[in-house]
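Asker: my questions concern the predicted model and sequence given below.
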Amino acid sequence: MRLPAFAVYLFCLLSLITADVFAQSTYTISGYVRGTGNEDALIGATVSVPELRTGAVTDGRGFYTLQLPEGSYTLQATYIGYEATTRSIEVSGQNLTVNFALLPANSQLGEVVIEANSLQQKLNASQMSVETLTTREAKLLPALFGEVDLIKVLQLKPGVQSGGEGASGLYVRGGGPDQNLVLLDDAVVYNASHLFGFFSVFNPDAVESVELYKGGFPAQFGGRLSSVLDVKMREGNKERIGVTGGLGLIASRLTVDGPIVKDKSSFILSGRRTYVDVFTRQINRLQEGKEDFNPIPDYYFYDLNGKANYKLGEKDELFISGYYGRDFFGFNDADFEFGFDWGNKVGSLRWQHKFNPRFRVNTTLSGSSYQYNVSNKIDVFSFNLTSDIRDLALKTDFSLILDKGHTLQFGAMATKHDFTIGRLNFDSDDDRQSFSAGNDYEATEAAAYVADDFQVNSQFSLNYGVRLSAFNSGGKTYSALEPRASARYSLSERTSLKASYASMMQYIHLVANSGASLPTDIWYPSNDYVKPQRSQQVAAGISHLFGGGRYMITNELYYKWMHRQIDFRDGANLFVNDNLEDEFLFGKGESYGNEVYLEKIKGRTTGWVGYTLSWSYRQFDDINGGRRFPTRHDRRHDVSVVVLHELSKRIHLTGAFVYGTGNAYSLPVARFAFQDVQGKGATVVPVYSDRNSFRLAAFHRLDLGLVLKLNPKRGEADLTFSAYNAYNRRNPYFVYFEQVKDEDDNETLGFRAKQVSLFPVIPSVTYNFKF
Amino acid sequence: MKTRPTIYTLLLPLLLLLASCDMEQEVEVKLPPHESQLVVECYLEPGKTLRAVVLESVSYFNDPELPLVPDAEVFITHKGRTIKLPFSPVQNKQTGKYYTHRISEKLDLQPGDVVTLEVKDKKGRHVTGTTTILGQVPIEAVEWKFNEKNKAYLLTSYQDDPDAVNFYRYMVHRDSLSNSSQRDFISSDQLTNGQRVSYGSGYDYEQGDTLVVSLFHIEQQYYDFLGSISDARNANGNPFAQPSRIVSSVKGGIGIFTNLSYNRKTVVIEK
C-alpha cells in the first residue's frame, strides 16, 4: 500500500518547513490587482519593486504576494491595456495588504491587450508549458462566423491542434480530446463543445481568461493525461450596472453585470443563443405542402453563465458560479418526432479564506453533469436513449508562504461520479413491444497533493510535489502516486533553462471512436476490466528575451509515454450495449516533439509565431495487426503566425495564418465485389489496410480581421469584420472514393478519389456594444 | 455514401450558408501495391443446387472488370462426402445474379448439420469455411396500419427462442424478390432474448402494395460479416468513422460461407 509512504513524505515536507512559518525575517506584502470600471481580477498582472529588482505576478484570482525586508519601497502594478499605478510603502514590523485598481489605458472597450503575462515574469517562473489567453486577446482575432472562441485561439499555440477544420477540440502534445481536464471556475466540464464540436461552450463575454497547461502540470491538477484547461469566469462590476453584448451572423449574446451590495458583492449574468432556426422555420412554413420539399431540421444552441461574489469580511469571500448550456436538434412531422438534445450543467461554490497574508485556503464545492438524450416516436412506437455523467466534488487548496523562498501548496479533493451508460427504452403504446438496456455505475475519486515552490536563489527555482490519487468503482480500487517537478535555471537575466516531469493518471474514459468530439460520446469508469490510463511526460526548454524585453523566444522539447490507452474493436457497438467492456481494446502510445514560440507583446504591432515539429503514435494488439500507427492528428509540421496591428486608436487590423501537415488518414487500398443474397448486381466493398497510412493534403489558411471602434452617444461599441479562410483555400476535411458511372446506362466506368472541404471564404461582421 | 447525407443533414444550419459553394474536388491518391486475396461468397439453401462465387480483391483504382479466378477449385463437404463445384460462370439475365462455380447437385440439409468449404487456386491461395445449418424461425404475423394520409406502416412479429443466442436478418421486397429490398437490417437478441419481437417501418406503403417479407435466422459469423461490410462502406465517406476491417467467416481470404434459413410471407396491403 502506497498511502503510508505518501503520508510520511507529506509529514517530512511539512516538518522541514513549518518551523520557518513563524520565524519572520521578511514581511509579506499581498493584495489584489483589479481593473477599475469592471472590477475584474487582473490575472497575470505584474507587481514589481524597482528598488530590489523583484516582483510577483498575480494568480488566477488577481492575487499577488511578495516577501520584502524592512524598508521603504515603491510598488508598481502594471497590466497591459491599463495605466501603470505606483504606491509607496513602508515595511516595518508587520505584513501589509496593498490592493491596486488600475485604470484602462484608453476609453474604448479596452481590448488592446495582447498577452497578459509579462514576458520577464514568464521567463522567471519555474512553470513551463503553459499558455495563457485573455478574452481581450481572443476578441481581436478573426473568427469563424465572427463567433469569438477562446479554444480556437489556443489552437494557434504551439503543441495544440484542432480536431479538424473549424472544430473546437484540443489535441495537446499528441493526446486525445478525452485527455483534457476542462475546468470552469474549478468545476469539471465534460463536453466543452456546441454544434458537433464547431463551437466551444465558453461564451467570451463571460470568460475572463484561460490557462492551458500542456506539461509540467502543477500537483493540484489531476485526472486527465494530456492537458489542463483552466477557465476563469469574469466577476461582475462592483460599482455600477453594465451591459455588454454583440449581434453576430449566427448568434447573439448579452451580458449584464453590476453590484449587489456596493463594494461588497457583485454579479454577472451572460447568455447567448444561435438563431439560424428562426430562419429555417420560416422556410419550412413557406414551403409547407410543396412536393419534393424536405423540411429543414431545427437546430439551435444556447448557454447561460452566471457568477456572484460576496465579501464576508476582510478575510473571507464567497463566489458562486454556474453554467447551463443546451444544444437541440429536432425533426418533426405528422407521423414522426425526432429530438436530440445535449448539454452541460456546471456549478461551483468557492469560499476563500485568508488566515493571514501568507496563508490562504480556497474550498470549493462543485457539481457537473453532461447528458445527451435521443428520442424518436413513430406512431405507437417510442424510443429513447440517454447517457450521462454526474459529479459532485469537494476540494480544498491551501497556499502557505514560508521564509527562505518556499511557497507550499497542498490540498485534497473527493469526487463522486454517477454514470448512466446507454440507457435505452423502447416501447409501444399497445404493449406489443417493450425492452430496455443500459447500465448505471458509481465511482469515487479522491486525491491529496503537496507541492513546494522553492526559490533557491535568484538563478534557480524549483517546484516539486506529489499527488496521491485513488479511484473506486464496482468494488475495485486503484491508487497511484503522481510525482511532479519543474525547475528553472537562469543563465542570465534574459535567458532561462527549464525542465519538468509529470506523471498523470486518468480514471474515467471517453467511449468514442469517431476521432472527433461528438455529443454522443459517453464517459466510462475504470473497473476490474478497464484499468486507468497513465502518462509520463518530460520536457526541457530554453527561453530568451531580446529587443529590450519586447520579444521572447522559447524552445521546448517534450516526450510523452502513454500507457493503457483505449480504443475500440472494429464495428464496436458503443450506443446500446450492456456489455460495453467487451468492445474495449488496450494499448500504448507515445508522442514527442519540439515547439518554438516567438512572441511580441509591446508596441503597436504584436503577436506570435509558433512552429511545432511532432510525432504521435498508438499501438494495440488488435488494431493494425499489432503494428504501431500514427494518430489521426500526428502532424509533422505545424506553423501559426498571429499578427495584431493598431493602425489608429479606432482601427485594429489582425491576421492569423496557419499551416499544418495533412492529417493521417485511412483510405481503402483495395475493393471487392459483393453480390449478397439478392444478387441485384454486385456492390463495391472497400478493403482497408494499415491504419492512418495516408496523408491528406497540407492544411493552410489565412484569416483576416478588422476592429473598427465606433463613437456611440452612450457607452462604447465596435464593428468586428472577419474573413475566415481569406484566400478561399479548399482545405481537406476528408477524402473518399466513388464510382464513376455512365449517366445513360449506369454502368461503372471507373473509380476516383474526391476530397471534401468544409468552409470556403466566410466573411462576417459582428456588432459589439457596452454601456 | 449513405452517411455523408446524414452528416450534412446534422450540420444543415451551417451548411445552408455554404450551399452555393462546391466543396468537393477530385484528387489524386497513390495507392500502395495490393496483393490480391480470394473473395468467396457461398450460401447453402435447402432444396437449391450448390453454387458459389469466387473472385479476387483488386487495387481500388483498377478497371471495373469482374476479377474472375478460373483456376480456383471449390469443394463442399457434407457428412463425409466432398463435392467439387466446377468453374462454370453464368449470369441470370432476369435477376442479374451470377455464379462462377456450380453443380446441379442438391444436399439434404438438416438443422445441426455441419458443412465445410474449401477453395484453392494455383497461386497457392487457400480459403476454408464452415457453416452449421440452422432451423427456420417462423413469422407469426405481418400486420399494417394506415394513417390519415392513406399510408401504412408494416409490422412483422416473431418469437425469439430464449434458450439460444440468435441472430436475424429481416428483408422486405416490394412486388418481387427480383427488386432491390425496401428494408434490410440485421439484429441480435441481446436485448430481446425470449421475447415476441416486432419489427416496424415508416409510413412507406400504400393500398395494393405487394410485399415479400423474409426473416432469416442467421449465424453469428454471417451477422458479423454483414455488419463489417456495412461499417467498411460507411467508413468510406464518413470523416467521423474509423476504418473497418472485413470480418470474414472464411479463413485465408475474404468472404462468407453460410446457410440461408428463412421464413417468407407475401402480403397485399389492404385497408
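Answerer: Right, received. Where do you want to start?
Asker: okay, now the residue of chain B found nearest chain A: neighbour count?
Answerer: Here the residue of chain B nearest chain A is B:Lys97; by C-beta to the nearest C-beta that distance is 3.1 Å. (C-beta placed from N, C-alpha, C; glycine too.) B:Lys97 is flanked by 20 other residues according to other C-beta atoms under 10 Å in any protein chain shown.
Asker: thinking it is in contact with B:Gln91, fair?
Answerer: Yes: the criterion here is C-beta atoms under 8 Å, and B:Lys97 meets it with B:Gln91 at 7.0 Å.
Asker: now the end-to-end length of stretch A:525-536.
Answerer: From its first residue to its last, stretch A:525-536 covers 21 Å (C-alpha to C-alpha, to the nearest Å).
Asker: who does the helix or strand containing A:Arg564 touch, helix- and strand-wise?
Answerer: Per DSSP states H and E, A:Arg564 falls inside strand A:551-568. Where contact means 3 or more C-beta pairs under 8 Å, 6 or more residues apart in numbering or on different chains; DSSP states H and E, strand A:551-568 is packed against helix A:119-124, strand A:533-546, strand A:584-600, strand A:605-620.
Asker: direction included, what does that strand pair against?
Answerer: Paired neighbours of strand A:551-568 in the sheet (DSSP bridges): strand A:533-546 (antiparallel), strand A:584-600 (antiparallel).
Asker: what domains does the record give for chain B?
Answerer: Annotated domains of chain B cover B:38-132, B:139-245 [automatic domain parsing].
Asker: what about the first one, start to end distance?
Answerer: For domain B:38-132, the first-to-last residue distance is 22 Å (C-alpha to C-alpha).
Asker: so what's the residue nearest in space to the middle of chain A closest to, chain neighbours aside?
Answerer: Nearest residue to the geometric centre of chain A (C-alpha atoms, centre = their mean): A:Leu229, 3.9 Å. If the residues on either side of it in the chain are set aside, A:Leu229 comes closest to A:Val182, at 4.7 Å by C-beta to C-beta, 6 or more residues apart in numbering or on different chains.
Asker: which element is that neighbour on?
Answerer: Assigned by DSSP H and E, A:Val182 belongs to strand A:180-184.
Asker: low pLDDT regions in chain A?
Answerer: Within chain A, the ranges that satisfy pLDDT under 70 run A:1-25, A:37-39, A:80-81, A:105-118, A:334-335, A:430-433, A:513-517, A:679-680.
Asker: where do the helices of it begin and end?
Answerer: Using DSSP state H, the helices assigned to chain A run over residues A:3-22, A:119-124, A:135-140, A:150-154, A:276-287.
Asker: beta partners for A:Pro763?
Answerer: For A:Pro763, the beta-bridge partners are A:Ala723 (DSSP bridges).
Asker: count the residues that sit near the residue of the stretch 151-300 of chain A found nearest chain B.
Answerer: Residue nearest to chain B within the stretch 151-300 of chain A: A:Val276 (4.0 Å; C-beta to the nearest C-beta). The local packing of A:Val276 (other C-beta under 10 Å) involves 20 other residues.
Asker: name the nearest residue to A:Thr683, sequence neighbours excluded.
Answerer: With C-beta to C-beta, 6+ apart as the criterion, A:Thr683 has its nearest non-adjacent residue at 5.6 Å, and that residue is A:Phe674.
Asker: identify the residues contacting A:Ser126.
Answerer: A:453, A:461-463, A:486-488, A:498 (C-beta atoms under 8 Å, 6 or more residues apart in numbering or on different chains).
Asker: what do you get if the cut-off is 10 Å, keeping everything else the same?
Answerer: Each residue near A:Ser126 by C-beta atoms under 10 Å, 6 or more residues apart in numbering or on different chains is listed here: A:216, A:453-456, A:460-464, A:485-489, A:496, A:498-500.
Asker: list buried residues within these.
Answerer: For the contacts of A:Ser126, a burial check counting by 16 or more other C-beta atoms under 10 Å in any protein chain shown picks out A:216, A:453-455, A:461-464, A:485-488, A:496, A:498-500.
Asker: between the strand holding A:Arg564 and strand A:605-620, how big is the angle?
Answerer: Here strand A:551-568 points in a direction 30 degrees away from that of strand A:605-620 (axes from the mean of the first three to the mean of the last three C-alpha atoms, to 10 degrees).
Asker: in strand A:551-568, what's buried?
Answerer: Within strand A:551-568, the residues that count as buried by 16+ other C-beta under 10 Å are A:551-552, A:554-556, A:558-560, A:562-568.
Asker: for B:Ser188, see how far away the residue nearest to the spatial centre of chain B is.
Answerer: The centroid of chain B falls nearest to B:Leu226 when counting by C-alpha atoms, centre = their mean (5.6 Å). With distances taken as C-beta to C-beta, to the nearest Å, B:Leu226 is found 12 Å from B:Ser188.
Asker: residues shared between the contacts of the two?
Answerer: By C-beta under 10 Å, 6+ apart, the residues touching both B:Leu226 and B:Ser188 are B:167, B:218.
Asker: just the C-alphas of stretch A:318-336, formatted as PDB.
Answerer: Presented in PDB, the C-alpha positions along stretch A:318-336 are these (Å, rounded to 0.1, in the frame of the first residue of the first chain):
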ATOM      1  CA  LEU A 318     -17.700  33.700  -1.300                       C
ATOM      2  CA  PHE A 319     -18.000  33.000  -5.100                       C
ATOM      3  CA  ILE A 320     -20.800  31.200  -6.800                       C
ATOM      4  CA  SER A 321     -20.600  30.300 -10.500                       C
ATOM      5  CA  GLY A 322     -22.900  28.400 -12.800                       C
ATOM      6  CA  TYR A 323     -23.200  27.400 -16.400                       C
ATOM      7  CA  TYR A 324     -26.100  25.800 -18.200                       C
ATOM      8  CA  GLY A 325     -25.900  25.100 -21.900                       C
ATOM      9  CA  ARG A 326     -28.000  23.000 -24.300                       C
ATOM     10  CA  ASP A 327     -27.900  22.000 -28.000                       C
ATOM     11  CA  PHE A 328     -31.100  20.900 -29.600                       C
ATOM     12  CA  PHE A 329     -31.700  19.200 -32.900                       C
ATOM     13  CA  GLY A 330     -35.200  18.200 -33.900                       C
ATOM     14  CA  PHE A 331     -37.200  17.000 -36.700                       C
ATOM     15  CA  ASN A 332     -41.000  16.600 -36.600                       C
ATOM     16  CA  ASP A 333     -43.800  15.900 -39.000                       C
ATOM     17  CA  ALA A 334     -47.300  14.400 -38.500                       C
ATOM     18  CA  ASP A 335     -46.000  10.800 -38.000                       C
ATOM     19  CA  PHE A 336     -42.500  11.300 -36.800                       C
END
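Asker: chain neighbours aside, what residue packs nearest to B:Thr132?
Answerer: Leaving aside its sequence neighbours, B:Thr132 sits nearest to B:Val114 (C-beta to C-beta, 6+ apart; 5.3 Å).
Asker: which ones are touching the one you found?
Answerer: B:Val114 sits next to B:77-79, B:130-133 when contact means C-beta under 10 Å, 6+ apart.
Asker: does A:Asp427 touch A:Ile378 like I think?
Answerer: No: using C-beta atoms under 10 Å as the test, A:Asp427 is too far from A:Ile378 to be in contact (11.9 Å).
Asker: next, count neighbours for residue 269.
Answerer: With no chain named, the answer covers chain A. A:Leu269 has 17 nearby residues by other C-beta under 10 Å.
Asker: the chain in question should be chain B.
Answerer: 17.
Asker: what pairs with the nearest residue in space to B:Leu226 that is not next to it in sequence across the strands?
Answerer: Nearest residue to B:Leu226 in three dimensions, chain neighbours excluded: B:Ile186, at 5.3 Å (C-beta to C-beta, 6+ apart). Under the criterion DSSP bridges, B:Ile186 forms beta bridges with B:Arg169.
Asker: fine by me, we can end here.
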